[in-house]
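**Q** sequence and predicted structure below; questions after.
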Amino acid sequence: MKIKQVRPILLSCPYSDINKNFEVIKHLNSGYKTIGLVEIKLENGLKGYGEGYLAVFAPKVFTEIVNLISPYLIGEDCKNTKKLVEKIKLITGYWSYQGAAQHVISAIDIAIFDCVAQIHGIPLFKLLNKNSKNSIELYGSGGDSISPEFIDEEFNYLESLGISNFKIRARRSDIYKSRYVLRKGKSKGVKIAIDMTQNLSIPGNTVNEVIEFFSKIQDQIHYELLFMEEVFGIEGLDNYASLKNKLSVKLAGGEIVTNTYDMKLRIDKHLYDIVQPDASVIGGITAVNEIFNLCNNKKSDVYVHTWGGPVSMLANYHVAIANEGKMAEWPMPKYNVRNELVKNPWEILNGKLIISDQPGLGIYLTNEIENKYKFRENSFYNCIGDDSKFIDDKIWQ
């Protein structure tokens, strides 16, 4: 089963609602979000797909790195997964052991696993663990709505799916918004988690700022949070140990970590109570499998992070289910490409995602879909964002 062709694919699709979602207003001015796929075609015509999250931010960098690596894969046997992954790491290791190239390696690794599972005629999670169940509990991931009205719509959406865990995004200034959501969650029996969105921040929050935020949102409510995520910026790793001694809430993080070595260091130091690897970032199926094994030994929970397109989502869900993960992220903003690339419709029953028995990941890509979602030059994530955009805190009071 030799590799015949490797192709990068960029797809741009309308994302969420620019009139409702703060992330879109500030960072995705075009209203479109791009996903980067790798298509591996075997000599027998079978195709496997992977996704690297890099394309959301730097789509053309993604395609150029794929094109750089591709010649080294042609003619290789896709079943020799370990050999192939080691080979592509050598190509990029010196100049991008962390960061951009690791996202591309992630996409290639996922595509290879998709091919191998299809060759065997079984879903990927069964390839990883033949005794695995086919479901995992979800937490809804959204909560970046700009008004109580739209937050209420998100609560209703989760209720329709039977999901009773809701993660919102709240910056340090979003005190009244957070209080509103906590009260609403408490009245509905919904567990609330808060993502402080510090994964892009330089400098990030200080320990005292996080403590102050936590104290203010808890004022008169006394609500036990499910967890708090990415409370410090990328330069604030040393703050986690200090915060753990001062705050009684589970801390989550790891979506920005792009290799298993760095994640292992964080796990060994027990920086996170909940580790959040992303297969489209940290090195694909191979890497997330390794993270689950490390966390089992350290008795840490793993909630896979998934904020990309359908290939990224399915890759993370398959590997989490295979490793008996407790919970996984379900991205809530509307993004039609997530639905159109899956062979079987998403199935969520009583708050749990049910994975079908479709061989491989379960991805279906046609020329019609590619033409419908052609790449748009302006559809990339602006990390700096538009600082003139903000939410009026008074509307939450």
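**A** Happy to help now that I have it.

**Q** show me the shaky parts of the protein.
**A** 387-392 (pLDDT under 70).

**Q** and it, what are its domains?
**A** 3-123, 126-361 (automatic domain parsing).

**Q** and Glu370, which of the ones you listed is closest to it?
**A** Among these, the nearest to Glu370 by C-beta to C-beta is domain 3-123 (6.8 Å). Just so you know, the C-beta spots here come from the backbone N, C-alpha and C atoms, and that holds for glycine as well.

**Q** which residues are in contact with the closest residue to Gly36 other than its chain neighbours?
**A** Using C-beta to C-beta, 6 or more residues apart in numbering and skipping residues adjacent in sequence, the residue nearest Gly36 is Ala55, 2.4 Å away. By C-beta atoms under 8 Å, 6 or more residues apart in numbering, the contact list for Ala55 reads Leu10, Thr34, Ile35, Gly36, Phe62, Thr63, His103.

**Q** could you pull out the helices in the stretch 251-397 of the chain for me?
**A** In the stretch 251-397 of the chain, the segments counted as helices under DSSP state H, counting those that start in this stretch are 260-268, 279-282, 284-298, 310-322, 337-340, 367-372.

**Q** just how off-centre is the longest one within its chain?
**A** Centre-to-centre, helix 284-298 and its host chain are 16 Å apart (C-alpha atoms, centre = their mean, to the nearest Å).

**Q** before we move on, what about stretch 14-23?
**A** Using C-alpha atoms, centre = their mean, the offset of stretch 14-23 from its chain centre is 18 Å.

**Q** same deal with stretch 304-320?
**A** Worked out by C-alpha atoms, centre = their mean, stretch 304-320 lies 6 Å from the chain centre.

**Q** same question for stretch 200-214.
**A** On C-alpha atoms, centre = their mean, the centre of stretch 200-214 falls 22 Å from that of its chain.

**Q** now stretch 194-213
**A** For stretch 194-213, the distance to the chain centre is 20 Å (C-alpha atoms, centre = their mean).

**Q** mind checking the end-to-end distance for it?
**A** 11 Å (C-alpha to C-alpha, to the nearest Å).

**Q** buried residues, it. List them.
**A** 194-201, 204-207, 210-211, 213 (16 or more other C-beta atoms under 10 Å).

**Q** closest one to Met263 out of the residues you listed, please.
**A** Closest approach between the buried residues of stretch 194-213 and Met263, by C-beta to C-beta: Asn199, at 14.3 Å.

**Q** and the closest one, which of the three is it?
**A** Following DSSP: H, G, I helix; E, B strand; the rest coil, the label given to Asn199 is helix.

**Q** what's near enough to touch it?
**A** Applying C-beta under 8 Å, 6+ apart, we find Asn199 in contact with Glu230, Gly233, Ile234, Glu255, Ile256.

**Q** for Ser356, see how far away it is.
**A** 32 Å (C-beta to C-beta, to the nearest Å).

**Q** rewinding a little: distance to Asn378 added to the domains of the chain, as CSV?
**A** Formatted as CSV, the domains of the chain follow (distance: least, C-beta to C-beta, whole Å):
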stretch, distance to Asn378
domain 3-123, 5
domain 126-361, 17
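
**Q** which among those domains is found nearest to Tyr381?
**A** Between Tyr381 and the domains of the chain, the shortest gap by C-beta to C-beta is with domain 3-123, which sits at 4.9 Å.

**Q** sorry, back to before: select only the buried ones of the contacts of Asn199 in ChimeraX?
**A** A single ChimeraX command selects the buried members of the contacts of Asn199 (16+ other C-beta under 10 Å):
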select :230,233,255,256
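
**Q** need the max-distance pair from the contacts of Asn199.
**A** Taking C-beta to C-beta, no two of the contacts of Asn199 sit farther apart than Gly233 and Glu255, at 13.2 Å.

**Q** may I have the phi/psi pair for Gln276?
**A** phi -120, psi 70 (degrees, to the nearest 10).

**Q** please name the residues that touch it.
**A** Glu229, Ala252, Gly253, Gly254, Glu255, Val302, Tyr303, Val304, His305, Glu329.

**Q** ok, Asn21 next?
**A** Asp144, Ser145, Ile146, Pro333.

**Q** what of Ser30?
**A** Ser30 sits next to Arg376, Asn378, Ser379 when contact means C-beta under 8 Å, 6+ apart.

**Q** what's the answer for Asn382, then?
**A** Lys26, His27, Leu28, Asn29 are the contacts of Asn382 under C-beta under 8 Å, 6+ apart.
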